[in-house]
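Undergrad: this is the structure alone, sequence omitted:
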């Protein structure tokens, strides 16, 4: 019976893959046909062809991304129908359904049905694939009438098989093993903010990613144009999860770490915890506003301006009056500046006209040229810029933190010690804590006046550069024997039109003012109030999925409670959901981490571990200065125990570069950073970078260094200890924190 069932499933799955190949070939053929048409015909025809090309490209990318484990389940229903559940929906050419998309409402029974609430399901079958072949099947029989000896199939357990598989350095989706409490959260309403609180290993990140895919499927009309933003704690984390959404059938989500939320800025981590805490306070919004106001200056006395040999007078009263009228428009700084300049240019032009007419009585010649003379006069431009300089966010924040007199003026409520923390050299690298301040400044400043920034001469320069590049491209194509069939001018126009036809995700990536339809925030407990302010600005509807664990907060600017973090921005428009099962961490390791946290005074949730591991935590106590040498000594033992699994060495402070250098000398290119890869099966990483990642084995160096008692945070050590799926070792010269050993 088992062999017959397995053979049947293999035949059906082979048919699904055959249909997938047919669809791929169809889209390739349609895309090639559209591309052959070229950029000819009317603008409308060209636009329509581009739209079809984008449609075929998106569908082909989706079909290519779902090849791995295309189908993973089958439901046998009371009606006698068998429904196959997979990554996308598939039908025959005459629209007979072959497979149901996992996000469709009827697929919810695959995750939610139980023996106590069958929801019309008699049997749930898990199909465990290796490549395109069905390796095994496992049945959950929900209808007792089916429980006969010859129909009861045994398997290794889809969930346990996934948990025990080796890590690859990239996160895998859990679409085939979503559990009931996870599915309920994934399919919850899009309105307001859903907060998913869960301890280590509960699948918070997986739930967040699957929820993003589900919402894009269910609310396609709303989210296709507005887009979804996914925010993670670090670049390593973003690389770790980057393949999950495409594998779930979605390719248009904008993904960004906290340091990449300001277009054009690539921020580095803030290394000083006190500075991060200070910059993260909401009071910084008022300080940035003060910095903007400080750029609007009234001269102390009259200024004499020379225009074409004549003397004009700019008075403080004129400047003050123009400033107030410009401010009353309610426009941002740079846009209000246009009004300010127009008012003063008009008044100065009137002065100039009076002077010219006084010397040419009876001469009625045209005086319109005088306005241009005044506008372009060097003295006038300098005087108006000194009163109200065009300003970029980068210039504003750089001046604020590098000029002591500016900082003192803008921070009347800070102490001298706090100002000293903020001061830094001009040109210092931007940090993650600066990004919300830059965003705040951009909101207050608005866009630069095109006349003050990119004028006609610059536009002509850019056009000439693009044209030269296009001509060179055509020369290269001709040299390669390719007939371009278009002029350089046509190529420039086509490139500009292509930019204008970018997808919502592509446009949103480069547009700071883009309003997303939904935002997913992972490791959200680390966000400062100013970072929350930035994100809420990105989604005015306040539709969020927020996942994290308050116990793992390591940033001093982070949250001590969800109420404290979210109430200032969301009020009561958020609901808390909690995940209670630890799927990743073996019980011996999870219990040791909880004991350590409790002994350090940290209250943590203790989700129930679903499995017991083969090893309890190993503690190596060594002599001072011998931590790294002991690491090199025991690493072969760890690698052998993991049998090809992914090993992380987690260290902080000076131990991090020291351990990296020692292991590179011993293992060469096998040493990596971030989440690792197939080629790099040993990674050396800080606790902060390890957030959200998982490894088969972990070696923690000097655990006491990761207890940040000064700021009341012990999350770094808790995070480090809960990364492994199999094995944990701690090497310590300092006393081992209490609670780890029983």
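TA: All right, it came through fine. Keep in mind the model is a prediction, meaning the values are calculated, not measured.

Undergrad: for residue 293, give me the pLDDT.
TA: With respect to pLDDT, residue 293 has a value of 92.

Undergrad: double-check that it belongs to a strand.
TA: No - under DSSP: H, G, I helix; E, B strand; the rest coil, residue 293 sits outside any strand and is assigned helix.

Undergrad: identify the bridge partners of residue 732.
TA: residue 621 (DSSP bridges).

Undergrad: what's the closest non-adjacent residue to residue 281?
TA: Excluding the flanking residues, the one nearest residue 281 by C-beta to C-beta, 6 or more residues apart in numbering is residue 529, at 6.2 Å. C-betas here are computed from N, CA, C, even on glycine.

Undergrad: for that neighbour, what are phi and psi?
TA: Dihedral angles of residue 529 (phi, psi; degrees, to the nearest 10) stand at phi -60, psi -40.

Undergrad: pLDDT below threshold where in the stretch 101-250 of the chain?
TA: When residues are selected by pLDDT under 70, those of the stretch 101-250 of the chain lie in 147-170, 172-174.

Undergrad: show me where it has helices.
TA: Along the stretch 101-250 of the chain, counting by DSSP state H, counting those that start in this stretch, helices occupy 108-112, 158-164, 180-186, 204-218, 220-226, 235-241, 244-247.

Undergrad: so which of those helices is the most packed in?
TA: Of those, the one with the most neighbours on average (mean count of other C-beta atoms under 10 Å) is helix 204-218, at a mean of 24.

Undergrad: what's that one packed up against?
TA: Applying 3 or more C-beta pairs under 8 Å, 6 or more residues apart in numbering; DSSP states H and E, one finds that helix 204-218 contacts helix 180-186, strand 193-198, helix 220-226, strand 228-232, helix 244-247, strand 518-521, strand 544-548.

Undergrad: try 6 Å this time
TA: Where contact means 3 or more C-beta pairs under 6 Å, 6 or more residues apart in numbering; DSSP states H and E, helix 204-218 is packed against helix 180-186, strand 193-198, strand 518-521, strand 544-548.

Undergrad: beyond the shortest one, next helix or strand please.
TA: If you walk from strand 518-521 toward the C-terminus, the next helix or strand you reach (DSSP states H and E) is helix 529-538.

Undergrad: rewinding a little: which of the helices of the stretch 101-250 of the chain sits closest to residue 274?
TA: helix 235-241 (24.1 Å; C-beta to C-beta).

Undergrad: I figured the residue nearest to residue 281 hits residue 282, correct?
TA: Yes - if you go by C-beta atoms under 6 Å, residue 529 and residue 282 touch, sitting 4.6 Å apart.

Undergrad: of the two, which one has the most company?
TA: For residue 529 versus residue 282, the count of surrounding residues by other C-beta atoms under 10 Å is larger for residue 529: 20 against 14.

Undergrad: and the pLDDT for the residue nearest to residue 281?
TA: Note on residue 529: pLDDT of 95.

Undergrad: for residue 469, same thing?
TA: If you check residue 469, the pLDDT there is 71.

Undergrad: element containing it?
TA: helix 456-479.

Undergrad: count the neighbours of the closest residue in space to residue 104 that isn't next to it in sequence for me.
TA: Leaving aside its sequence neighbours, residue 104 sits nearest to residue 89 (C-beta to C-beta, 6+ apart; 6.8 Å). If you count neighbours by other C-beta under 10 Å, residue 89 ends up with 17.

Undergrad: please parse this structure into its domains.
TA: 2-156, 186-262+516-582, 273-294+392-445, 303-387, 456-506, 587-732 (automatic domain parsing).
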